[in-house]
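**Student:** Fold the following, please.
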Amino acid sequence: MRPVIIWSRKVGDWLIARVAMTALWFLRKLPPDRALDFAGRASRKVGPWLGRHRTACDNLRHAYPEKSELEIEAIALEMWDNMARLAAEYIFLDQLFDADAHSRTDGRIEIVGAELFHRLAAEEKPHILFTAHTGNFELLPIAAAVHGLNMTALFRPPNNPYIADYILSTRTSKMGGLLPTSAGAAFTLAAILEKGGNVGALVDQKYRNGVETTFFGRACETNPVVAMLARRFDCPVHPARCVRLPGNRYRLEIHEALELPRGPDGEIDINASAQLLNDVVEGWVREDPGQWMWFHKRWGVSGHKRKRRAARANPPPATTA
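**Tutor:** Numbers count the residues shown, from 1 in each chain. Here you go, the predicted model:
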């Protein structure tokens with residue numbers, strides 16, 4: 001029975017990938033702006049029919065209990081618009097990125113903190129940059145490379161292996177190194193930092209058995225790797241994000257390093273730092289809620305953690321001799 005399930009899952013993944021590849025082949029025939037606008041309009045029609053739409057709306061209701069159903073639906077539709085444009089943008093990355101490290105003229109890409117990119121590139125020490133799935137986050141490592149900041153980006157491939165292979169193949173060498181999440185990824189990142197290199201990571205996905213944090217007031221699990229690496233190498237951690245602007249334009253931002261919380265021993269506090277990263281990302285999402293992937297099952301904690309939390313809340317009664 002199990003081989004049949006595995007086979008059917010592979011067939012399903014292959015069919016979904018074929019549909020996606022066909023859509024991207026069609027979009028490639030169009031000029032970039034027309035392709036992105038078409039993808040955005042089409043996703044607003046198709047998105048509500050997908051099962052993930054219900055997940056997105058449910059997450060939005062928990063995050064914004066004060067909003068009406070019309071407002072919730074509007075944010076969800078904007079999310080689908082953003083995600084479709086992101087998918088289409090993979091085939092136009094080289095054409096879309098028109099920022100010049102030595103030019104101040106306005107173009108499709110607006111960079112806030114370009115001088116910081118240059119400064120970090122000149123420093124002979126390790127740095128960590130973190131971001132979230134907002135706007136077109138894929139443009140950030142390209143911007144870093146253009147400004148001389150070589151960086152290895154940690155990313156989680158899509159669950160569909162055929163789509164994952166396609167996405168990896170379309171990412172150009174301009175994006176720097178790419179490291180898929182795996183059991184040994186943290187060791188690889190540590191080796192890069194030990195040599196004075198730079199790493200980047202997305203921090204807004206559910207990470208099973210991660211540290212327990214909150215996001216939009218709800219319990220969730222967060223990957224502690226950024227905080228752990230910052231603690232080990234005592235290196236600066238910089239927030240960076242992409243904001244999608246009207247007219248298929250983008251604003252890329254990099255900011256000064258965060259002051260990570262430290263414990264009584266002076267060492268970086270892993271849990272508190274992971275929570276701080278969540279708080280930064282939540283601030284970004286609240287500014288542009290339609291540019292984040294609400295269909296992701298971000299919330300919830302592992303069963304053993306729920307049991308520990310319940311035990312702390314309801315300790316056994318003290319026994320008397």
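
**Student:** where in the protein is pLDDT low?
**Tutor:** Within the chain, the segments meeting pLDDT under 70 span 1-7, 99-106, 155-159, 162-164, 166-183, 303-321.

**Student:** can you pull out the strands in it?
**Tutor:** 109-112, 127-131, 152-155, 177-180, 198-202, 211-215, 218-222, 237-245, 249-254 (DSSP state E).

**Student:** now the ones you listed in CSV, with mean neighbour count?
**Tutor:** C-beta: built from backbone N, CA, C; applies to glycine. Below are the strands of the chain laid out as CSV (neighbours: other Cβ atoms under 10 Å):
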stretch, mean neighbour count
strand 109-112, 18
strand 127-131, 24
strand 152-155, 22
strand 177-180, 16
strand 198-202, 24
strand 211-215, 19
strand 218-222, 19
strand 237-245, 21
strand 249-254, 20
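
**Student:** Could I get these in JSON lines, plus columns for distance to residue 15?
**Tutor:** What follows is the strands of the chain, written out as JSON lines (distance: least, Cβ to Cβ, whole Å):
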{"stretch": "strand 109-112", "distance to residue 15": "36"}
{"stretch": "strand 127-131", "distance to residue 15": "32"}
{"stretch": "strand 152-155", "distance to residue 15": "25"}
{"stretch": "strand 177-180", "distance to residue 15": "24"}
{"stretch": "strand 198-202", "distance to residue 15": "28"}
{"stretch": "strand 211-215", "distance to residue 15": "33"}
{"stretch": "strand 218-222", "distance to residue 15": "32"}
{"stretch": "strand 237-245", "distance to residue 15": "30"}
{"stretch": "strand 249-254", "distance to residue 15": "32"}
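
**Student:** and of those strands, who's closest to residue 47?
**Tutor:** In terms of Cβ to Cβ, the element of the strands of the chain nearest to residue 47 is strand 237-245, at 16.3 Å.

**Student:** gap between that closest one and the chain center?
**Tutor:** Mean-position distance between strand 237-245 and its chain equals 10 Å (Cα atoms, centre = their mean, to the nearest Å).

**Student:** go on, stretch 267-274?
**Tutor:** Its chain's C-alpha centre and that of stretch 267-274 lie 20 Å apart, by Cα atoms, centre = their mean.

**Student:** And for it, what's in contact with it?
**Tutor:** 210-213, 222-224, 226-228, 230-231, 234, 237, 260-263 (Cβ atoms under 8 Å, 6 or more residues apart in numbering).

**Student:** try stretch 188-203
**Tutor:** By Cβ under 8 Å, 6+ apart, the list of residues contacting stretch 188-203 reads 120, 124-133, 137, 140-141, 144, 149-156, 179, 222-223, 225-226, 229, 232-233, 235, 240, 277-278, 281.

**Student:** need the helices for the stretch 101-250 of the chain, in chain order.
**Tutor:** All helices of the stretch 101-250 of the chain, identified by DSSP state H, counting those that start in this stretch, fall at 114-122, 139-146, 161-170, 185-194, 225-233.

**Student:** The first one packs against which elements?
**Tutor:** For helix 114-122, not one helix or strand is in contact under the criterion 3 or more Cβ pairs under 8 Å, 6 or more residues apart in numbering; DSSP states H and E.

**Student:** Good, wrapping up.
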